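1. sequence first, predicted coordinates after that:
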Amino acid sequence: MPRIDGCFERSRKLLATYERGVSTQSETPPFNGPFESPEFKEPPQKISGNADRYHHREGNDDYSQARALFNLFDVGQKSWLFSNIAESMQGAPDTIFECQLGYFEKVHPD
């Protein structure tokens, strides 16, 4: 599996954001943008017991819907998808390729 250290799980608009030179992501270490700093984390709040931030990724499968759609594709549709992705990523930095390959591997080994 490709190395995806330093990648952030939200891949929305990453390449477009990079090309525009604007950072709309909260975690953008590959481009020296803003990133979460634990020292600014709010302390747990007392409600009826302790409360802390909810980690929305824990226990969630972020790849099953994409996998189900991919498995519906025939050979021609898969070929079109691969070509479209390759064309749209032309000129992207290697860190983006590594990150995306990690995501793709989680969806399907093809």
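-> Arrived safely.
2. which SSE is residue 61 in?
-> When elements are assigned from DSSP states H and E, residue 61 belongs to no helix and no strand.
3. the chain should start at 24 in everything you say after this.
-> All right, first residue 24 from here; so that's residue 84.
4. any idea how far it is from residue 106?
-> As for residue 84, its distance to residue 106 is 27 Å (criterion: CB to CB, to the nearest Å). (Glycine included, C-beta is placed from N, CA and C.)
5. now residue 74
-> Here the criterion is CB to CB. By it, residue 74 lies 48 Å from residue 106.
6. contacts only, for residue 65.
-> residue 76 (CB atoms under 8 Å, 6 or more residues apart in numbering).
7. that one belongs to a strand?
-> No. Residue 65: not assigned to a strand; according to DSSP: H, G, I helix; E, B strand; the rest coil it is coil.
8. and it, its phi and psi?
-> phi -70, psi 150 (degrees, to the nearest 10).
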